[in-house]
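[1] here is my input, please return the structure:
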Amino acid sequence: MRILYIHQHFSAGSGSGGTRSYEIARHLTQRGHEVTVLAGRADFSGLEWARAFLWQSFRMDGMKVIQFNVPYSNRFPFYRRILAFLAFAFFASLHVCLGRKYDLVYASSTPLTVGIPALLARFLRGTPYIFEVRDLWPDVPVEMGIIKNRLLAWLLARFRDAVYLRASRVVALSPDMRKAILGQTRGRVRVSTIYNMSNTRLFNPGEPSQELLASLGLADRFVCIYTGTMGMVNGLDGLLETMRIIEDDGQNGVSLLVMGQGMFFDELEKKAAGLGNVRIMKPVPKDALGPYLNCADLCLDWIDASWKILSLNSANKFYDYLAAGRPVLINYDGWKARFLERWGCGLAIRSGDPRDVARAIISLKERRQMLDAMGKKARQAAERVFNSDIMLRRMEEIVRLGLAKASR
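    Alright, predicted model coming up:
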């Protein structure tokens, strides 16, 4: 089968982003499918916009990758992100309309604009598509007040519905997200839940490197780690406030390592300068992250809990933490809160209040046996529920069903 995989933020293990699409595309290739990936670029610092309207084509692990030189960074302001989304959709649409014909298109959002080439493939070339929903758009920016124009919000919602309803199948990354999509479409689409993946080969529980801890200035500390984006939805001011409370309480043995990038990196770095228990650093490639996670006593999955829609998320960091066998603390309600409690591999502080989170961290610091037990259960959850081999087999079945439905 010839499959066109469209994902603007496609990343392999050498980057710091999530590798879900890379793993799916590679698996489909290994199973005998001919896979072409349309991707954008996130490493465009120093290049001019005039050079953005070019692309390069290369092979990676048996798949063909066409990488459009459309710059994107989560440090971009909102308007420039929109321009990047539209530019990528334009080039992907050109490929769909003028390039070879495929048997199936797999379009992964965000952004929602990847639905444009998917719809064009269906209507102009008769190619069925599967649409993967990583974040609910435009619901998230509308609820957060980023999109304020009611007419624009209505138009985007109608476009979203059109993309969902014409897909052979919709893939959601969490059960709560699936429920929301079914509600939006009144049950008129087939929605499957395929979680993000715990890479149990890349991440393995292990003893912390004392050399690495010393180089980070974290030797002999109770280490909390947050890895990921530093954007509006992440609400990391609340995490810094948590550490301020811990420091004011005299808990000098607790430290936080924040690893990531985003539009608020510089601002957070300045704010953290006044705290003696916080270190902020840029991300490392995913295939180099394991030793850092092994230095953690507690891993944090953090969002701005005031926005309830964000609790539906399926952040990559959650699955990496579990694969590394580390207990997880989240500051919000939702499906992950229920999962942590059911498996006993972490805590959910549903209030999102930094004072409550600070108390929980201080309490866990003194309960080493509980932390060790949580870590073992975290690894078990990664192996039994979110193992990449399990998820990839399910994904291959979804691809087969999507094509079978379209051919009827």
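[2] lowest-pLDDT helix or strand in the chain?
    Least confident helix or strand, the chain: helix 388-407 with a mean of 80, by mean pLDDT, DSSP states H and E.
[3] what's that helix packed up against?
    Packing partners of helix 388-407 (3 or more C-beta pairs under 8 Å, 6 or more residues apart in numbering; DSSP states H and E): helix 20-30, strand 104-109, strand 129-133, strand 169-172. Where C-beta positions appear, they are placed from N, C-alpha and C, glycine not excepted.
[4] and the closest residue to Gly238 other than its chain neighbours, how many neighbours?
    With C-beta to C-beta, 6 or more residues apart in numbering as the criterion, Gly238 has its nearest non-adjacent residue at 5.3 Å, and that residue is Pro354. Using other C-beta atoms under 10 Å, Pro354 has 20 neighbouring residues.
[5] shouldn't Pro354 be in contact with Gly235?
    No - using C-beta atoms under 8 Å, Pro354 is not in contact with Gly235, being 10.1 Å away.
[6] pLDDT of the helix or strand hosting Ala180, averaged?
    Using DSSP states H and E, Ala180 sits in helix 175-184. For helix 175-184, the mean pLDDT works out to 94.
[7] how far is that helix from where the chain is centred?
    18 Å (C-alpha atoms, centre = their mean, to the nearest Å).
[8] can you list contacts of that helix?
    For helix 175-184, contacts defined as C-beta atoms under 8 Å, 6 or more residues apart in numbering pick out 133, 136, 139, 157, 160-161, 164, 170, 172, 189, 191-193, 311-312, 314, 334-335.
[9] for the helix or strand that it is followed by, name the packing helices and strands.
    As assigned by DSSP H and E, the chain's next helix or strand after helix 175-184 is strand 191-193. Contacts defined by 3+ C-beta pairs under 8 Å, 6+ apart place strand 191-193 against strand 169-172, helix 175-184.
[10] how about the helices in the stretch 1-150 of the chain?
    For the stretch 1-150 of the chain, the helices defined by DSSP state H, counting those that start in this stretch cover 20-30, 78-98, 115-125, 139-143, 150-165.
[11] alpha carbons of the third one, as PDB, please.
    Coordinates of the C-alpha atoms in helix 115-125 are reproduced here as PDB (Å, rounded to 0.1, in the frame of the first residue of the first chain):
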ATOM      1  CA  GLY A 115      -6.900  18.700   7.000                       C
ATOM      2  CA  ILE A 116      -6.700  20.800   3.900                       C
ATOM      3  CA  PRO A 117      -4.500  18.500   1.900                       C
ATOM      4  CA  ALA A 118      -6.300  15.500   3.300                       C
ATOM      5  CA  LEU A 119      -9.700  16.800   2.000                       C
ATOM      6  CA  LEU A 120      -8.100  17.700  -1.300                       C
ATOM      7  CA  ALA A 121      -6.700  14.200  -1.600                       C
ATOM      8  CA  ARG A 122     -10.200  12.800  -1.000                       C
ATOM      9  CA  PHE A 123     -12.200  15.000  -3.300                       C
ATOM     10  CA  LEU A 124      -9.700  15.500  -6.200                       C
ATOM     11  CA  ARG A 125      -7.900  12.200  -6.200                       C
END
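[12] in stretch 163-172, what counts as buried?
    163-164, 166-172 (16 or more other C-beta atoms under 10 Å).
[13] start to end distance for it?
    Terminal residues of stretch 163-172 are spaced 14 Å apart (C-alpha to C-alpha, to the nearest Å).
[14] and what of stretch 286-302?
    From start residue to end residue, stretch 286-302 stretches across 19 Å - C-alpha to C-alpha.
[15] buried set for the helix holding Ala180?
    Under 16+ other C-beta under 10 Å, the buried positions of helix 175-184 are 175-178, 180-182, 184.
[16] out of the residues you listed, who's nearest Glu383?
    Pro175 (19.8 Å; C-beta to C-beta).
[17] could you measure from that closest one over to Asn149?
    32 Å (C-beta to C-beta, to the nearest Å).
[18] check Leu124 too.
    30 Å.
[19] got a list of what the spatially closest residue to Leu322 that is not a sequence neighbour touches?
    The shortest distance from Leu322 to any non-neighbouring residue, by C-beta to C-beta, 6+ apart, is to Ala382 (4.0 Å). Each residue near Ala382 by C-beta under 8 Å, 6+ apart is listed here: 198, 200, 203, 319, 322-323, 325.
[20] read off the pLDDT value for Ala382.
    pLDDT, Ala382: 97.
[21] let's verify it: helix, strand, or coil?
    Assigned by DSSP: H, G, I helix; E, B strand; the rest coil, the conformation of Ala382 is helix.
[22] report the angle between the least confident helix or strand of the chain and strand 129-133.
    140 degrees (axes from the mean of the first three to the mean of the last three C-alpha atoms, to 10 degrees).
[23] about what we covered before: could the helices and strands packed on helix 388-407 go into a markdown table alongside mean pLDDT and distance to Gln251?
    A markdown table is the format used below for these (pLDDT from 0 to 100; distance: least, C-beta to C-beta, whole Å):
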| stretch | mean pLDDT | distance to Gln251 |
| --- | --- | --- |
| helix 20-30 | 93 | 37 |
| strand 104-109 | 95 | 42 |
| strand 129-133 | 96 | 40 |
| strand 169-172 | 96 | 39 |
